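Asks: Attaching a predicted model along with its sequence, questions to come.
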Amino acid sequence: MEEFRVLEIKQSVFADNDRRAEEVRNTLKEEKVFLLNLMASPGAGKTTTLLRTIEQLKEKMRIGIMEADIDSDVDAQAVASMGVRTIQLHTGGMCHLDADMTMQGLEGLTTKETDLVILENVGNLVCPAEFDTGAIKNVMILSVPEGDDKPLKYPLMFSVCDVVLINKTDVMPYFDFDMEKCKENIRMRNPEAEIIPISAKTKEGIDKWCEWLEREVRMFQEGAEG
């Protein structure tokens, strides 16, 4: 029987991406640009939360937005209307962004004129969690209608995130959603994660979220200077 080689493609892809992600982080540190990777499932409220965040912080820092979609510019148009630098990234059918795509987006955005760049990743709870984009921090949004058991069903997503925003708290009376159970499930996956309940619609919790983000950007920039 003829000998054959077995190539661990997935392992190789991740290893190459991890190296590229470190290059992205080094570049961001040199330029003192804080990159936030925002992830969530479709309909969780990523774009509305993003608009509220811009609203709160655009007078305090220079913000750039990278909108990633398989093939659409609807969200980018909404964000650009807020008066911040925006770029649309089409993934060509891929369900996530990797570090190389992120770097291309950063180059197109002209990061030297920004303090904070927010990447709104493609909407799903699986693929985006597998690929390191080179972001300084990862944040995901879990909406109340999705259920308090999602951390048990998608462990990797919750384990890679520094912050979990529990969105749509205004509709909790209409859903079988246990906030304390949800927090317990998140901490089971990631004891270090910051958990912030919010309602992007009513703005409940947005102040606390933006305070966290502003503090992290400031600490990062001070560290970059040192």
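Replies: Sure thing, it's come through. Computed from a predicted model, the values in this text were never measured in an experiment.
Asks: And the least confident helix or strand in the chain by mean pLDDT, what does it pack against?
Replies: When the helices and strands of the chain are scored by mean pLDDT, DSSP states H and E, helix 74-80 comes last with a mean of 77. Under the contact definition 3 or more C-beta pairs under 8 Å, 6 or more residues apart in numbering; DSSP states H and E, helix 74-80 sits against helix 46-57, strand 63-69, strand 85-90. (Glycine included, C-beta is placed from N, CA and C.)
Asks: Apply 10 Å and report the result again.
Replies: Applying 3 or more C-beta pairs under 10 Å, 6 or more residues apart in numbering; DSSP states H and E, one finds that helix 74-80 contacts helix 46-57, strand 63-69, strand 85-90, strand 116-120.
Asks: contacting residues around it?
Replies: Residues outside helix 74-80 that contact it (C-beta atoms under 10 Å, 6 or more residues apart in numbering): 46-48, 50-51, 54, 63, 65-69, 73, 85-89, 118, 120, 123.
Asks: Over to stretch 180-191?
Replies: Contacts of stretch 180-191 (C-beta under 10 Å, 6+ apart): 140, 142, 144, 146-162, 164, 166, 178, 193-195, 197.
Asks: Report the buried residues of that stretch.
Replies: 182, 183, 185, 186, 189, 190 (16 or more other C-beta atoms under 10 Å).
Asks: tell me which element the most centrally placed residue in the chain is part of?
Replies: Against the mean C-alpha coordinate of the chain, by C-alpha atoms, centre = their mean, the closest residue is residue 38 at 1.4 Å. Per DSSP states H and E: residue 38 is located in strand 34-40.
Asks: tell me the angle of that strand relative to strand 63-69?
Replies: 40 degrees (axes from the mean of the first three to the mean of the last three C-alpha atoms, to 10 degrees).
Asks: Can you list the low-confidence ranges for the chain?
Replies: Judged by pLDDT under 70, the chain has its weakly predicted residues at 1-11, 70-74, 226.
Asks: who's in contact with the longest helix anywhere in the chain?
Replies: Longest helix in the chain by number of residues, with DSSP state H as the criterion: helix 9-31. Residues outside helix 9-31 that contact it (C-beta under 10 Å, 6+ apart) are 8, 33-35, 98-103, 106-107, 111-112, 114-115, 117, 130-136, 220-221, 223-224.
Asks: Among these, name the ones in strands.
Replies: 34, 35, 117 (DSSP state E).
Asks: Make sure the last one is actually in contact with residue 135.
Replies: Translated: residue 117. Yes. Using C-beta atoms under 10 Å, residue 117 makes contact with residue 135 at a distance of 8.9 Å.
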